[in-house]
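Participant: quick one, what's the 3D model for this:
(2 chains)
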2 protein chains.
Amino acid sequence: MADRQSLILEAAVRVIARNGVRGLRVEELASEAGVSTALIYYHFKDRAGLIQRTLAFISDRATGYTDEALDDSEDARGVLLQLLLSELQDTTRVRENSIAWGELRASAIFDTDLRETLADSTRTWNRDTADSIMDAQVAGLADPRAVPLDVAERLTALVEGLSERWLSGSLALDRARDLIAGALDAELGTHPGK
Amino acid sequence: MADRQSLILEAAVRVIARNGVRGLRVEELASEAGVSTALIYYHFKDRAGLIQRTLAFISDRATGYTDEALDDSEDARGVLLQLLLSELQDTTRVRENSIAWGELRASAIFDTDLRETLADSTRTWNRDTADSIMDAQVAGLADPRAVPLDVAERLTALVEGLSERWLSGSLALDRARDLIAGALDAELGTHPGK
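Facilitator: Residues are numbered from 1 along each chain as shown, chains lettered A, B, ... in the order given. Next up, the predicted model:
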């Protein structure tokens, strides 16, 4: 991706995290990114195109920081836990990404154009998580009777639910992280390697 | 509560479910409810007061329809499942309520005034669910080692996460309901009474 496009998309995530997706104006984004509105229209066609590309960008970026969160010394079960917990970290990048993701999720209820991209990103997240669950099962670190895609869909939906509670001030971050670890134990049995 | 106040609050839920909380204008609400804007300001002081009262109303109304969903013939474990599933029904009332709840959750990220009421409602929901889990444990229908408040907080956050996915078109309703039933089995052991 061209550098200027990334710059614009990064700025779009910041603006959405600050004002919500419905508050996103191309003029404000241009000022945030330090580019002209013409350049934004050139790269993204219109506001709808921009928002769709921002959604895909948020999803890719999340994959990036979950990969970064991985510690090579972890076993397959630990990797799965780290993947889930990487969405619940008090860093500017994770906060911005999570707020923007939640905003796009909430907006898709009213704006049907967003739904397909959002469903695709959700499906990818579920599949990646299911792969991680299967790795843990193969390594003998997770109940072999658990159905990977069912467990994955529950765990990622739980991460979304807890993340929204954290960001909206109904839940402390440490408690959210503990609840995720507990969900993993309930779904896959307690970690036999620990 | 006076009838006219209920009428206004019901109309507020409809308007929020249609346009989002950030699209809620007092003029539009007055027209939807068939009252004057002066009456709305008289009962709710200002837009912020109106939104807070709407949030409390949504929460009370959810308690109402979850109570309605209960079948007297169910055992304590069945009651718990019905309570959770009552939030995932394809009726106008549940859809409106869930959309409005999700909207208020998402808005509280930007609007700190909403946070206290939202945290209170969330706490009440978690406690009611924990009580239901304890009933199932006392009846021998749930793993006695499960920590009721932890399980309750996970199950209600999962309901919120799945509900948002359903409403935003990323998940079929039947699948969402199956995933809730599966979560209950994972958290509390399969239902020994069935």
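
Participant: could I get the pLDDT score of A:K194?
Facilitator: With respect to pLDDT, A:K194 scores 61.

Participant: check A:L70 too.
Facilitator: 75.

Participant: how about the contacts made by it?
Facilitator: A:L70 makes contacts with A:79, A:82-83, as judged by Cβ atoms under 8 Å, 6 or more residues apart in numbering or on different chains. The C-beta positions use only the backbone N, C-alpha and C, and glycine is treated the same way.

Participant: where do the helices sit along chain A?
Facilitator: Taking DSSP state H to define them, one finds helices in chain A at A:3-19, A:26-33, A:37-44, A:47-68, A:76-85, A:92-107, A:115-138, A:148-167, A:173-188.

Participant: winner for burial among those?
Facilitator: Ranked by mean neighbour count under mean count of other Cβ atoms under 10 Å in any protein chain shown, these are led by helix A:148-167, which reaches a mean of 24.

Participant: so which elements touch that one?
Facilitator: The contact analysis (3 or more Cβ pairs under 8 Å, 6 or more residues apart in numbering or on different chains; DSSP states H and E) places helix A:148-167 against helix A:76-85, helix A:92-107, helix A:115-138, helix A:173-188, helix B:92-108, helix B:148-167, helix B:173-188.

Participant: those into JSON lines, with extra columns for mean pLDDT?
Facilitator: Shown next, in JSON lines, are the helices and strands packed on helix A:148-167 (pLDDT from 0 to 100):
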{"stretch": "helix A:76-85", "mean pLDDT": "94"}
{"stretch": "helix A:92-107", "mean pLDDT": "93"}
{"stretch": "helix A:115-138", "mean pLDDT": "95"}
{"stretch": "helix A:173-188", "mean pLDDT": "98"}
{"stretch": "helix B:92-108", "mean pLDDT": "93"}
{"stretch": "helix B:148-167", "mean pLDDT": "98"}
{"stretch": "helix B:173-188", "mean pLDDT": "98"}
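
Participant: between those helices, which one is closest to A:T156.
Facilitator: With Cβ to Cβ as the criterion, A:T156 lies closest to helix A:115-138 of those, at 5.3 Å.

Participant: chain neighbours aside, what residue packs nearest to A:A12?
Facilitator: Ranked by Cβ to Cβ, 6 or more residues apart in numbering or on different chains and with sequence neighbours excluded, the top spatial neighbour of A:A12 is A:T54, at 4.4 Å.

Participant: my guess is that neighbour contacts A:V13. True?
Facilitator: Yes: if you go by Cβ atoms under 8 Å, A:T54 and A:V13 touch, sitting 6.5 Å apart.

Participant: ok, so what distance separates the residue nearest the centre of chain A from chain B?
Facilitator: Note on chain A: the residue nearest the mean C-alpha position is A:A62, at 4.9 Å, using Cα atoms, centre = their mean. Distance, A:A62 to chain B, using Cβ to the nearest Cβ, to the nearest Å: 15 Å.

Participant: check contacts around that residue.
Facilitator: With the criterion set at Cβ under 8 Å, 6+ apart, A:A62 makes contact with A:86-87, A:97, A:101, A:125.

Participant: try it again with 7 Å
Facilitator: Going by Cβ atoms under 7 Å, 6 or more residues apart in numbering or on different chains, A:A62 touches A:87, A:97.

Participant: swap in A:Y65?
Facilitator: Taking Cβ under 7 Å, 6+ apart, we find A:Y65 in contact with A:86, A:93-94.

Participant: now the residue located most distally from the centre of chain A: how far from A:G49?
Facilitator: Taking Cα atoms, centre = their mean, the residue of chain A most remote from its mean C-alpha position is A:A38, at 29.6 Å. For A:A38, the distance to A:G49 equals 15 Å [Cβ to Cβ, to the nearest Å].

Participant: cool, and A:S59?
Facilitator: Applying Cβ to Cβ to A:S59 and A:G49 gives a distance of 16 Å.

Participant: cool, and A:E164?
Facilitator: 26 Å.

Participant: residues contacting the closest residue in space to A:R47 that isn't next to it in sequence?
Facilitator: Of all residues not flanking A:R47 in the chain, A:V26 sits nearest, at 6.1 Å (Cβ to Cβ, 6+ apart). By Cβ under 7 Å, 6+ apart, A:V26 lies in contact with A:37, A:40, A:47.

Participant: return the member of these nearest to B:V159.
Facilitator: A:R47 (32.6 Å).

Participant: before we move on, the earlier item: do you know how far the residue farthest from the centre of chain A is from chain B?
Facilitator: With the distance defined as Cβ to the nearest Cβ, A:A38 ends up 28 Å from chain B.

Participant: check A:V147 too.
Facilitator: Distance, A:V147 to chain B, by Cβ to the nearest Cβ: 8 Å.

Participant: same question, A:F57
Facilitator: 18 Å.

Participant: contacting residues around the nearest residue to A:L188 once chain neighbours are set aside?
Facilitator: Closest residue to A:L188 apart from its sequence neighbours, by Cβ to Cβ, 6+ apart: A:A142 at 3.9 Å. Residues near A:A142 by Cβ under 7 Å, 6+ apart: A:77, A:133, A:136, A:188-189.

Participant: now with 10 Å, please.
Facilitator: A:A142 is in contact with A:76-77, A:80, A:132-136, A:148, A:151, A:184, A:187-189, A:191-192, counting by Cβ atoms under 10 Å, 6 or more residues apart in numbering or on different chains.
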